[in-house]
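**Q** Just the structure for this:
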Amino acid sequence: MTIISHKVDPRFKFEVASMAGGELVKGCFDCGTCTGICPVSQVEPDFDPRKILHMIHLGLREQILGSSAIWFCTHCDTCALVCPQNVRFSSIVDVLRELAVKEGYAELKTKKPFATSPCKAACPAHISIPGFIAAVSQGKYREGLKLIKEEMPFPGICGRVCPHPCEEACNRNSLDKPVAIEYLKRFLADEDILSDESYIPQKKQNRTEKIAVVGSGPAGLTVAYYLSIEGYSVTVFEKLPVAGGMMAVGIPEFRLPRNILNAEIDIIKKLGVDIKLNFSIGKDCSLAELQKNYKAIFIGVGCCRSMKLGIAGEDAGKEDTGIVDGLTFLQDIHLGNLPNSRGRLIVIGGGNTAVDCARVAIRLGYRHVAILYRRTREEMPANSWEVDETIEEGIDIQFLTAPVRIISKDGKVSGVECIRMELGEPDESGRRRPVPIQGSEFIVKTNVIVSAIGQAPDLKCMTDKCEINISDRGLVVADLETGLTNIPGIYAGGDVVSGPRTVVEAVAFGKRAALCIDQYLRSKDISSDRKMNWTGIKLISNEIIYKEREQISRLPLAECKKSFKEIESGFNREQAKREAERCLKICGLQK
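**A** Coordinates of the predicted model:
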């Protein structure tokens, strides 16, 4: 390229460096390692990250902003694995694209500033999935884990319990089977946990402000993680005797081993976060008192209160645990409070809590375990693979069945009267409404009834004097992007705002809230930040080669039914490498 003097703008590099993400350009010294590893550079000769960075330093404003090359980056962040200066090229590209649109070099009608692979766009935490998969294929395990932990602190946990919407979006679905993204994330986490020295993010400068987090679930711990990295002093208040919220007492150990959960929480503690257990806000200390001692407060108490069935006889049998809600049932088991008698048990509900309760009960030795669900299997909100495993374990799921009355005898639960249902028109959830079939009543004998039809927040931490807005659904009203409530300095996020969601969704909410709390304490305008609206780009190619998806080992069914051992064993290194090499690498490329 011939450089014409009047086209050189010496101020350009300073302008780029002054924008969020653009400051990274100051760390580049043109070594070219980014170009060498970039998967897009290998198929698009016009895309050369080193050349683009060099042109910024030269001040070639028009040539860069008018070039199609700045739109080729897929935000895979594979370059971050090798850059000796920790320069993330995609962050600089974001600045260039923003300037290109602002100055008329490109139009949003034809260009997507945050085009990326469908898997990254579908992930609630927007992890750089192609990047960490590339790390696995190259044996760069620590680098891959660091890439994940920039976006979320729980790869070992989410590598086991995430419903992996990323895999549903994977471009390989059009040919064979999606890349096993969840298992590869778990692989990197397990490699780190088993290593001699687990990765701990480097903290930035120490700050004097103190921050309180109420609740140690995924949202609260994520807030604590990121704000601690920023240098703040963070204290987490947890009413239970264990940290982790529903991750600790609501997810069975055969799905999420406690050593994995505790290992990832320990990293947060090593960052300096103080977690106070058996400490209930609203009882041991008021929210008003926290406001006096902390510059900002995040409320992440989750949805830990079960909803009632609302049927006759529901209050009978409470004293001898004949009727128990699903969350209490799981929590008691996890805290070592095992039931005395183990006869017949019925679970009412169709979500993940319901199937978890049933699978725990079968492992505890209950003589007969069944689930009653008022719709069909297609409408069950539980993860489909969890339902498959529940049926494999011999648990009877009675569909189109609804309870109408709890039956007690001599003060103890003896059965539940049910009625058959049929599906009518869709309700507000979009699912077809179950309609009772008159005259179809029947009785199911049982000793224990576990109610698992839904959850809501327990807002005991908020006294009558608290002025935080609460919705008609009993949820804290907060901005879904920032977590800010109607009271300055008080934020909320996760299930307490959204209602029951997944761990990864709570993590994503927590990270957004942490960013906004940091901005608030720095007196920075939140609205000035660049909003990342990720767009997944499908890969259209006739050159995709069929590759068999790697299979994981599982415990034998007979052992599953009588053990709380983890069911799935995960990948070994050879399997992980083969599976990582199934990734198509250049998904998200827009032309």
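**Q** For residue 189, which residues are in contact?
**A** For residue 189, the contacting residues are 145, 148, 155-156, 159, 260, 264, by CB atoms under 8 Å, 6 or more residues apart in numbering. In short, each C-beta sits where N, CA and C put it, glycine included.
**Q** Let me see the contact set for residue 95.
**A** Residue 95 touches 16, 19-22, counting by CB under 8 Å, 6+ apart.
**Q** try residue 485
**A** 299, 468-469, 476-478, 491-492.
**Q** which regions of the stretch 301-450 of the chain lie under the pLDDT threshold?
**A** Applying pLDDT under 70 to the stretch 301-450 of the chain flags the ranges 316-321.
**Q** Backbone dihedrals for residue 417, both of them.
**A** phi -80, psi 130 (degrees, to the nearest 10).
**Q** how many neighbours does it have?
**A** 16 (other CB atoms under 10 Å).
**Q** in the sheet, who's paired with it?
**A** Following DSSP bridges, residue 417 is listed with bridge partners residue 405, residue 443.
**Q** I'd guessed it sits against residue 405; true?
**A** Yes. The pair residue 417 and residue 405 qualifies as a contact (CB atoms under 8 Å) at a distance of 4.2 Å.
**Q** what packs against the helix or strand harbouring residue 262?
**A** Here residue 262 sits within helix 258-270, counting by DSSP states H and E. Applying 3 or more CB pairs under 8 Å, 6 or more residues apart in numbering; DSSP states H and E, we find helix 258-270 packed against helix 155-161, helix 181-193, helix 218-229, helix 246-249, strand 274-276.
**Q** Now that we have the contacts of residue 485, which of them are buried?
**A** 299, 468, 476, 478, 491-492 (16 or more other CB atoms under 10 Å).
**Q** Go through those residues and name the one nearest residue 524.
**A** residue 491 (15.0 Å; CB to CB).
**Q** Packing partners of the one helix or strand that closest one maps to?
**A** Element membership of residue 491, judged by DSSP H and E, is strand 490-492. Secondary-structure packing of strand 490-492 (3+ CB pairs under 8 Å, 6+ apart): strand 296-299, helix 503-521.
**Q** Could you look over the ones you listed and pick the most buried one?
**A** Mean neighbour count (mean count of other CB atoms under 10 Å) peaks for strand 296-299 among the helices and strands packed on strand 490-492, with a mean of 27.
**Q** still on that earlier bit, how about JSON lines for the helices and strands packed on helix 258-270, with mean pLDDT added?
**A** Formatted as JSON lines, these follow (pLDDT from 0 to 100):
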{"stretch": "helix 155-161", "mean pLDDT": "98"}
{"stretch": "helix 181-193", "mean pLDDT": "98"}
{"stretch": "helix 218-229", "mean pLDDT": "98"}
{"stretch": "helix 246-249", "mean pLDDT": "96"}
{"stretch": "strand 274-276", "mean pLDDT": "98"}
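**Q** To residue 539, which of these lies closest?
**A** Short answer: helix 181-193, nearest of the helices and strands packed on helix 258-270 by CB to CB, at 15.4 Å.
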